[in-house]
Structures are given as C-alpha cells and as structure tokens.
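Trainee: I would like to see how this sequence folds:
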Amino acid sequence: MDETILYEASEGIARITLNRPEARNALSDQMIGELLAAFDRAGADEAVRVIVLTGAGDRAFCAGADLGGLGATQAAGGSVADPDAIRASAPYRLFTAFPKLGKPIIARLAGHAVAGGLGLAAACDLVIAADDVTLGTPEVNVGLWPMMIMAIINRNVPPKQAFKLYYTGQKISAAEGREIGLVTEVVPRAELDARVDDLARTIAAKSPIGLRKGREAFFAIEGRPLEDQVEHLLGELVELAATEDAKEGITAFLERRTPDFKGR
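Mentor: Model prediction:
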C-alpha cells in the first residue's frame, strides 16, 4: 500500500506531507492513521523542535474527507449513542491530537484548503498561505455541515464570519482568511517556501522546553475563569523559570550572546 504521508526531519524541523495529490490530498482512514504516527514520531524525536505540515503538489493542501472512503466518519456518525466508538474514530483522534503535540506546528498552504482540510490547517498553530490559495467549508452544498471542524474554526473566527462560511459554502481568498483569523500570513507563491523555512528556523532556535510548556499552558487555560488562568499561569511560570534553558537564556541576554538551549 502506498504511503499517504511523507516524513522528513533535518535541522530541528520535521516536514510532514499529505501525499495523495491525485485525490487532492483528501483524508482517508489510512492517511489519518499515518499522519497520527508521523505526529508521534516528531513528538518523540528530541532533535525536532518544529513541525511543518503541507500537502503534495500545488493543487490542494487538503480537500477534506475522502467521500469515497468515509469509513471512520460514517462509523462515528452511526454510533452517536456510543462515546467510545466516537473517541476511537479517526477524525476524533486527528483533531484532538493537535493540542497534545508538544511542539509548534506550521501549516504550509501551497494549495486550496477546504472542508476538513481547512480544519486541519486551522488546527495548526500558524498558517502561511500562498496568495492564490482559497479556503472554504462547502459541506452545506451537499447537504452536510462542517461538524468536526467547527470546533476548530470557531476558536479562530468571529461568529458572524464563521456562519457566513458555513451557510454559503463559498470559498474565500487567503487574504480574506487572514482578515478573519484563519491564516497567519499570506505571501506571494514564489516566496512561500522561503517564508515557511525562515519562520520554522526562527522558532526552532528557541528553547524547546519553553515552547512546550508555553504551548501546553495556552491550551490548558482555554475557557477557564480569569482567576484560574492567572493562578495556573503563575505556577507554570515558576516552574519554567527554574529550568536550565531559562537560566541560560537570561545569562546569555546579560552577556549579550546567543543562548545555547538544551531543552532542559
């Protein structure tokens, strides 16, 4: 069986590629399984400090679920009364994996991101898109609704803009996506790789433990009262300040040199 995910790691950056260009990188059960395995591999590799997620070819980043092979999605939809079946489904495991990655993840959009593909991109911490890319949630056009990815998109987009996406099913430009919060940066297509590489290297040079603990704290305080957030973050700050990396960072700052972070 052909690999649906390509994995390459060098210089602290893991590059994970959705590899079904003939199917516009649509998400099959096999692809989701291999993608989760790639996430685990990147997470376990101490040399990897940043993850870049992209799609093969320039036609599509990801076209969402493979409508010809919706085994996991159909199984989950047919097991509403069985929470265990839903939690075991491929879509559930995929979209709940992102907060647990432990490392920053950048989506590189050289092609269109629609339906579940848009959810996949929006689940990443940063999204860098070529200026001719389009985004959308066309599920309503076939009598469906972007149920799974709504949990992701609603965390990035104001309600009025989200409903416009959901109700119309119309595509928007990458620039519009940036305006409403779905995209971090839009660059000319010819500059996409250089910008993604530059951003990934910049992040990879930071303290791994600082990035991990900060990212974990970001997700941990979501939806909690302000007092709980401040209490949690203060505790995390005390722990982080005691790490070797924090001490090295402060020392390097005072000595006006580049810090040598070890991830401890």
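Trainee: low-confidence ranges in the stretch 51-200 of the chain?
Mentor: Within the stretch 51-200 of the chain, the ranges that satisfy pLDDT under 70 run 67-81.
Trainee: Quick one: the helices in the protein, in order.
Mentor: For the chain, applying DSSP state H gives helices covering 29-44, 71-77, 83-88, 90-95, 116-122, 147-153, 159-168, 174-180, 192-204, 208-220, 226-241, 244-254.
Trainee: contacting residues for Ala97?
Mentor: Leu36, Phe39 (C-beta atoms under 8 Å, 6 or more residues apart in numbering). All C-beta atoms are positioned from the backbone trio N, CA, C, and that covers glycine.
Trainee: got it, and the one 10 residues further on?
Mentor: With contacts defined as C-beta under 8 Å, 6+ apart, the neighbours of Ala107 are Leu53, Thr54, Phe61, Ala113, Leu120, Ala121, Cys124, Leu126, Val127, Ile128.
Trainee: ok, now with 7 Å
Mentor: Counting by C-beta atoms under 7 Å, 6 or more residues apart in numbering, Ala107 touches Leu53, Ala121, Cys124, Val127.
Trainee: farthest pair in the residues you listed?
Mentor: The distance between the two most remote of the contacts of Ala107 (C-beta to C-beta) is 9.7 Å, for Leu53 and Val127.
Trainee: Out of the contacts of Ala107, which sit inside strands?
Mentor: Among the contacts of Ala107, DSSP state E puts Leu53, Val127 in strands.
Trainee: my guess is Arg59 meets Gly111, correct?
Mentor: Yes. Assessed by C-beta atoms under 7 Å, Arg59 is found in contact with Gly111 at 5.0 Å.
Trainee: Which one's more surrounded, these two?
Mentor: For Arg59 versus Gly111, neighbours defined as other C-beta atoms under 10 Å are more numerous around Gly111 (26 against 14).
Trainee: Report the spatially closest residue to the most centrally placed residue in the chain, excluding sequence-adjacent ones.
Mentor: The centroid of the chain falls nearest to Cys124 when counting by C-alpha atoms, centre = their mean (1.7 Å). Closest residue in space to Cys124, ignoring its immediate chain neighbours: Ala107 at 3.9 Å, by C-beta to C-beta, 6 or more residues apart in numbering.
Trainee: Name the residues linked to the one you found by a beta bridge.
Mentor: Ala107 forms beta bridges with Leu53, Val127, as assigned by DSSP bridges.
Trainee: Adjust the sequence numbering to begin at 250 for everything that follows.
Mentor: All set: I'll call the first residue 250, so the last point we hit is now Ala356.
Trainee: ok, so what distance separates it from Pro508?
Mentor: To Pro508, Ala356 is 28 Å away according to C-beta to C-beta, to the nearest Å.
Trainee: again with Val432
Mentor: Distance of Val432 to Pro508, computed by C-beta to C-beta: 31 Å.
Trainee: Please apply the same query to Gly426.
Mentor: The gap separating Gly426 from Pro508 is 35 Å, by C-beta to C-beta.
Trainee: neighbour count winner among the two?
Mentor: Gly426 (29 against 18).
Trainee: isn't that one right next to Val382, touching?
Mentor: No. Using C-beta under 7 Å, Gly426 makes no contact with Val382, being 8.2 Å away.
Trainee: Deepest in the core, which of the helices of the chain is it.
Mentor: Highest mean neighbour count among the helices of the chain (mean count of other C-beta atoms under 10 Å): helix 365-371, with a mean of 27.
Trainee: Off-centre distance for it?
Mentor: With C-alpha atoms, centre = their mean, to the nearest Å as the basis, helix 365-371 stands 8 Å off its chain's centre.
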